[in-house]
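Participant: I would like to see how this sequence folds:
(one chain, ligands or ions: 1)
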Amino acid sequence: MTLTRTTCPYCGVGCGVLAAADGTIKGDPDHPANFGRLCSKGAALGETIDLDGRLLHPQINGVRANWDTALDMVAQRFSDAIAQHGPESVAFYASGQMLIEDYYVANKLMKGFIGAANIDTNSRLCMASSVAGHKRAFGTDTVPGTYEDLEQADLVVLVGSNLAWCHPVLHQRIAAAKQARPHMRIVNVDPRRTATTDLADVHLRIAPDGDVALFNGLLAYLAETGKLDKAYTENHVNGLDAALAAAQASDPADSGLNARELADFYALWANTPKVVTAYSQGVNQSVCGTDKVNAILNCHLATGRIGKAGMGPFSLTGQPNAMGGREVGGLANMLANHLEIGNEAHRSAVQSFWQSPTICTKPGLKAVDLFEACANGQIKALWVISTNPAVSLPDADGVAAAIANVPFVVTSDIMEKTDTNALADVLLPATGWGEKDGTVTNSERRISRQRAFLPAPAEARPDWKIISDVAKRMGFSGAFSYGSSADVFAEYVALDQAASAFPRDLDLSIFADADYAKMVPTQWPRNGARFFANGQYYHPDGKAQMVAVTSPVSLNSRFTLNTGRNRDQWHTMTRTGKSARLGAHLAEPYVEMNPVDAAALGALPGALIALQNSRGRVLMRALITPRVAQGALFAPMHWTRQRSTAGTVNSVMTPLTDPISGQPALKASAVTAEVF
Ligand code: SF4
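Facilitator: Numbering: from 1, shown residues only. Alright, predicted model coming up:
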C-alpha cells in the first residue's frame, strides 16, 4: 500500500501524516512538527474517511441538481444582489479548515472583483485578538517563536491553553523536553484545572479575564526589581512609560490570585531569562483579548526576551490553517499577503497584480457583525464555506435566525445534514481531507502540503475550483482560470514577490521555485530564521510598541460559563464523530460544576442542568468536579442541535466581542443554572 505524505486536518500543531486509501494512518517521522507522533484524533483519521452522511451532489432547495444549474444560480443571485444593493450586500463566511488555495481564491473574488471586504471566517473566533495584538506591538501579525523555543525554554508559561487536549503533540514535545531537562518549569495559568495542569509545576487558578491584571502586575514587578532591559527598550521599543504607568495603576489582586501565588510567579518569571509565554483561546476569546495579548507582549518587550532561542511570546493557533488564512488575507480587515486595506499603495499593488476591476477600500464585517447584518437585512446573499456558524458562533439561535433571514444562502460542505445546511437554498459538495490538494500553515509558520490519497467522491469538487467556477460565471473568467491548486499557490507566491517593495514580515520567496508536488514542510521566511533577532520591528521607525492596557469590568454573574474542546473531538464533530473510539472518551454533552455549587443547587452527578440566559437555553449533564472554581462552569463546544436534542452550548453564549479584534468572548458568558 502506497503511503501519501500529507498533514493532519485538525489543530494548529500541523502534524505530518502518512496515509493510504485503506485507512492506514501513521505519523510522519520526517515532519518537523511531530517527528512521527500523532494524538488520538490524528491516529483515528483512518476511521473518518467513509462516505456516510457526505454531501455528494449539488442540491437546490433540497432537490438534487447538476453542477451547472447550481453554479449558474449562485453566480446569478450574487450578481443580482450586487447590481441591486451594491457589493456590501453580499458576504462570504469561511473557515480555518480551508486550505491556503481555497482561502486565496475566495479572498480574491470578494475583495478584488466584488469590491467589498465582507469575507470573514471562523478564524475570527480563534486568533483575531492575537492578530490585533501582534499588529499593535510589532507592526505586523508575526508569530516570532517556533516549537523548538518551547523545548529550549527554562520556563514555559501556558496561559488559557489546555495544550494536552487542544495541541496534544506539542504538549508531548514539551513533556519530553521537561523529562530531558528536569530543571525546566511549567506554569499553567487557567481558571480550570485541566489535563495540562498535570504537567505543570504550578497551577495559577486565575479569575476569568484576570490575565491583564496578572501581566500588568508582572510588568510593574519587573520595573520595581530592576529587571527591565533598559538598553533594549531604549533602542528597540516605544511606549514603555505609558504601559508601565497603566501596569502600576493596575491591581494584581484582580487576577484572582493571592499575594503568595503572585510573588512566586513574578519572581520565577523575572529570574528565568529563557521564558516562553504561550497562550491560546483563554487569552484570545475575551472582551479584552487584544489587551491580554499586549499585556503578555509588553513583558517580553520590556525585558528583551524576544527574538532569541528559548524565549518569547507564542500564540498557539487553534485551527489547521488559521495562520494560512491570515497570510492570504482571509479576514475582513486584511487585504492579502499581510498587506493593508487602509494603505492605498497596497490596494493599488494588489489590484494591479490581480488586474481586477475594483478593490475594497474599507474593512468588511467581522463575524459577529456579519451575522447581525444578516439579521437586519443588509446581507442579501451569503456563502458559507466549510463551517457551521448556526452552531459555532455565540448566540447560536440568533445566528440561525439571521441566516434564515438572508434571501439567498449557499453553503459548500463535505456533509449533507448540518445545522447551517438546513437553512441554505443551495448546497455545493466539497472534497474533504484526503481527497483534496493544497497547503496549510501551522502555528510556527510552517507551510505543509495536504495531499489527496482518495478519489473525489461522486460530484464533490475542491473549494478553490467551486469558487473559481462561480467567479467565471460572474464575468471574471480570465482571473480565475486555474487548472490546479498548484496554479493558485504559484499565484499567491507571485503576489508576494510583486509586493516585495513593501516592508512586511511575510516573505514567500523560499517557495518561488518550489516543486509543488514534492514540496516539503517549510517555514517562512526561511527554515530556522528568527524574527526580531536584530531588534527590528515593522512599525515605521523600526521599533516595537508597548501598549498601555487595563483590566476589564467583571461579569458579576452567579455563574460564568466557559467553553472549550474535548480531547477526542474536533469542532462540531463532523469528522471525529464518525469514530466510535473517539466518541467513547466523553460521549455526551456535560457541564463541569464545582461540588459546592452542585450541593447548593441540589444537583447529583449526572443530573440534567438547564443553563439559561436571554439568548437561549441548553440542557447538559452535571459533571461535578473541583476542576472548576465555585461560580464557574465549563461545557464543551462540540455538540450540535442535530447531535443533541438538548441543544448547543453556543445558544447561551452572549455575542460580546473584543472591541479591537472583534473576537467573541467564548470563554465567559453569564448564565443561570438549575436542576431540570
Ligand atoms: Fe492532528 Fe493536532 Fe493531533 Fe497533531 S496534535 S495529530 S495536528 S490534532
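Participant: On the three-state scheme, the closest residue in space to Gly329 that isn't next to it in sequence is what?
Facilitator: Spatial nearest neighbour of Gly329, excluding adjacent residues (C-beta to C-beta, 6 or more residues apart in numbering): Ala336 at 3.8 Å. Glycine gets a C-beta too; all of them are placed from N, C-alpha and C. Of the three states, Ala336 takes coil under DSSP: H, G, I helix; E, B strand; the rest coil.
Participant: Hmm, Ala336 is touching Gln351, no?
Facilitator: No. Ala336 is beyond contact range of Gln351, at 10.4 Å (criterion: C-beta atoms under 8 Å).
Participant: quick one, which of those two is more surrounded?
Facilitator: Neighbours were tallied for Ala336 and for Gln351 using other C-beta atoms under 10 Å; the higher tally belongs to Ala336 (26 against 18).
Participant: which residues touch the residue lying closest to Leu99 once chain neighbours are set aside?
Facilitator: In space, and not counting its chain neighbours, Leu99 is closest to Gly438: 3.0 Å by C-beta to C-beta, 6+ apart. Residues near Gly438 by C-beta atoms under 8 Å, 6 or more residues apart in numbering: 99-102, 449-450, 462, 464, 485, 489.
Participant: please redo it, this time with the cut-off set to 6 Å
Facilitator: Gly438 sits next to 99, 101, 450, 485 when contact means C-beta atoms under 6 Å, 6 or more residues apart in numbering.
Participant: tell me which of the residues you listed is nearest to Cys8?
Facilitator: Distance to Cys8 across the contacts of Gly438 (C-beta to C-beta) is lowest for Gln450, with 8.9 Å.
Participant: For that closest one, list the residues it contacts.
Facilitator: Contacts of Gln450 (C-beta under 6 Å, 6+ apart): 6-7, 438.
Participant: give the contact list for the residue in the stretch 351-500 of the chain that the ligand sits nearest to.
Facilitator: Proximity to the ligand, evaluated over the stretch 351-500 of the chain using C-beta to the nearest ligand atom, is greatest for Asn442 at 7.7 Å. Counting by C-beta under 6 Å, 6+ apart, Asn442 touches 12, 14, 33.
Participant: partner residues bridging Val591?
Facilitator: Ala622 (DSSP bridges).
Participant: count of neighbours near it?
Facilitator: The number of residues near Val591, taken as other C-beta under 10 Å, comes to 26.
Participant: wouldn't it be in contact with Ala607 here?
Facilitator: No. The criterion here is C-beta atoms under 6 Å, and Val591 misses it with Ala607 at 10.0 Å.
Participant: from the protein, which residue is nearest to the ligand?
Facilitator: Taking C-beta to the nearest ligand atom as the measure, the chain has Gly42 as its residue closest to the ligand, at 2.4 Å.
Participant: so that residue, which of the three states?
Facilitator: Per three-state DSSP, Gly42 ends up helix.
Participant: and it, how many neighbours?
Facilitator: For Gly42, the count of nearby residues is 23 (other C-beta under 10 Å).
Participant: what's the spacing between the nearest residue to it once chain neighbours are set aside and Ser315?
Facilitator: Nearest residue to Gly42, sequence neighbours excluded (C-beta to C-beta, 6+ apart): Cys8, at 4.6 Å. Going from Cys8 to Ser315 by C-beta to C-beta, to the nearest Å gives 19 Å.
Participant: and Asn188, helix, strand or coil?
Facilitator: Looking at Asn188 with three-state DSSP, the answer is strand.
Participant: Likewise for Ala471?
Facilitator: helix.
Participant: pretty sure it is in contact with Asn107, am I right?
Facilitator: No. Contact criterion C-beta under 6 Å: Ala471 and Asn107 do not qualify, at 11.7 Å.
Participant: more crowded one of the two?
Facilitator: Each of Ala471 and Asn107 has its neighbours counted (other C-beta under 10 Å); Asn107 has more, 27 against 24.
Participant: and the gap between the more buried one and Val470?
Facilitator: According to C-beta to C-beta, Asn107 stands 14 Å off from Val470.
Participant: cool, Arg449 as well?
Facilitator: Distance from Arg449 to Val470, by C-beta to C-beta: 26 Å.
Participant: Looking at these two, which has the bigger crowd around it?
Facilitator: Per other C-beta under 10 Å, whichever of Arg449 and Val470 has more neighbours is Val470, with 27 against 23.
Participant: could you check the distance from the more buried one over to Leu365?
Facilitator: Distance of Val470 to Leu365, given as C-beta to C-beta: 20 Å.
Participant: Now do the domain split for the protein, please.
Facilitator: What the record gives for the chain is the domain set 4-48, 59-121+324-523, 144-316, 559-675, from automatic domain parsing.
Participant: any chance of these in JSON lines, plus mean pLDDT?
Facilitator: Shown next, in JSON lines, are the domains of the chain (pLDDT from 0 to 100):
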{"stretch": "domain 4-48", "mean pLDDT": "97"}
{"stretch": "domain 59-121+324-523", "mean pLDDT": "97"}
{"stretch": "domain 144-316", "mean pLDDT": "97"}
{"stretch": "domain 559-675", "mean pLDDT": "93"}
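Participant: what's the closest non-adjacent residue to the residue of the stretch 351-500 of the chain closest to the ligand?
Facilitator: Using C-beta to C-beta, 6+ apart and skipping residues adjacent in sequence, the residue nearest Asn442 is Gly14, 2.6 Å away.
Participant: go on, Gly139?
Facilitator: Take Gly139 and drop its neighbours on the chain: the residue closest to it by C-beta to C-beta, 6+ apart is Tyr538, 3.3 Å away.
Participant: same check, this time on Ala490
Facilitator: Leaving out its chain neighbours, the residue that sits closest to Ala490 by C-beta to C-beta, 6+ apart is Tyr516, at 7.4 Å.
Participant: Burial check on the one you found, number of neighbours?
Facilitator: 18.
Participant: the helices in the stretch 551-676 of the chain, which residues?
Facilitator: 580-583, 595-601 (DSSP state H, counting those that start in this stretch).
Participant: got JSON lines for those helices, with distance to the ligand and mean neighbour count too?
Facilitator: Converted to JSON lines, the helices of the stretch 551-676 of the chain look like this (distance: least, C-beta to the nearest ligand atom, whole Å; neighbours: other C-beta atoms under 10 Å):
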{"stretch": "helix 580-583", "distance to the ligand": "11", "mean neighbour count": "15"}
{"stretch": "helix 595-601", "distance to the ligand": "32", "mean neighbour count": "15"}
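Participant: Now do the same contact list for Leu199.
Facilitator: Applying C-beta under 6 Å, 6+ apart, one finds that Leu199 lies in contact with 175, 186.
Participant: Quick check on it: phi, psi?
Facilitator: phi -90, psi -20 (degrees, to the nearest 10).
Participant: where does Ser412 land in three-state SS?
Facilitator: strand.
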